[in-house]
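**Q** output the structure for:
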Amino acid sequence: MFVLLLTAFFFSACDKPYDDSEEGIDDGTEIVGGTDKDTGSDDEDEGDGEYDDDTGISFGDVVDVETFISKPIVDQVWVKGYIVGSATGANGKKRYDFEPPFDHDTALLLADDPATADLSHVVSVCLTSCSKKIREELNLKEHPENRGKVLSVFGFRETYLAIPGIKKIDAYEFSN
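**A** Okay, the predicted model is just below:
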């Protein structure tokens, strides 16, 4: 029984089993069609199952956003960047807000530059209900003052909201 519970805990999805209703979209929001489900393959990260890890990045290392995006990281790492926006994939459309007011509390966007508003230079961090306490503390909808702060998040590199990100936060900390 313990093994079953442990397996369920480690393999539970970060996505909610239902869609939130959203009203209107404010300026500063970029909408990308499609669904929140990853339909593509993660082969670019996994290759043939054998990793030629010449990145020099290993478990527990701290990496910046550009390194997190560009390297095939296979271990849990800390990604460190400025909080530059919020995002959601509710109702089958991905929305990315880089300017207040922030209407979404389901994901954060991190970047190396606090002025970044380019999706190719940000990573997404899942804040869904599987980490309710973290979501309440970090989301920009309730805490717009977090925008521009430096945040380090520990987890595995995955695709989330169609960009590189962390779906399950194992630890986080604010930096100066």
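
**Q** C-alpha from now on. contacts and neighbour counts both.
**A** Fine.

**Q** and stretch 77-89, average pLDDT?
**A** The pLDDT scores in stretch 77-89 average 97.

**Q** same question for stretch 148-167.
**A** For stretch 148-167, the mean per-residue pLDDT is 96.

**Q** who touches V123 in this structure?
**A** Taking Cα atoms under 8 Å, 6 or more residues apart in numbering, we find V123 in contact with V65, I69, L109, L110, A111, I163, P164, G165, I166.

**Q** V79 too?
**A** V62, V63, D64, V65, F68, S152, V153, F154.

**Q** and the contacts of V123, which of them are in strands?
**A** Members of the contacts of V123 lying in strands (criterion: DSSP state E): L109, L110, A111, I163, P164, G165, I166.

**Q** dig out what the fourth one forms beta bridges with.
**A** With DSSP bridges as the criterion, the beta-bridge partners of I163 are Y160.

**Q** quick check: which element contains I134?
**A** Applying DSSP states H and E as the criterion places I134 in helix 132-138.

**Q** next structured bit after that helix?
**A** strand 150-155.

**Q** across the sheet, point out what pairs with S175.
**A** In beta-bridge terms (that is, DSSP bridges), S175 pairs with V150.

**Q** for the chain, what's the longest strand?
**A** Ranking each strand of the chain by length (DSSP E) puts strand 77-88 first.

**Q** next, the angle strand 150-155 makes with that strand.
**A** The directions of strand 77-88 and strand 150-155 differ by 100 degrees, with axes from the mean of the first three to the mean of the last three Cα atoms, to 10 degrees as the criterion.

**Q** so what are the sheet partners of the next helix or strand after strand 77-88 and their directions?
**A** Heading C-terminal from strand 77-88, the first helix or strand you meet, by DSSP H and E, is strand 94-97. Strands adjacent to strand 94-97 in the sheet, as given by DSSP bridges, are strand 29-32 (antiparallel), strand 77-88 (antiparallel).

**Q** show me which of the contacts of V123 are buried.
**A** When these are checked for burial by 16 or more other Cα atoms under 10 Å, the buried set is V65, I69, L109, L110, A111, I163, P164, G165, I166.

**Q** with distance to K93 added, can I get the contacts of V123 in JSON lines?
**A** Listed next are the contacts of V123 as JSON lines, based on distance: Cα to Cα, whole Å:
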{"residue": "V65", "distance to K93": "24"}
{"residue": "I69", "distance to K93": "22"}
{"residue": "L109", "distance to K93": "16"}
{"residue": "L110", "distance to K93": "20"}
{"residue": "A111", "distance to K93": "22"}
{"residue": "I163", "distance to K93": "14"}
{"residue": "P164", "distance to K93": "17"}
{"residue": "G165", "distance to K93": "17"}
{"residue": "I166", "distance to K93": "19"}
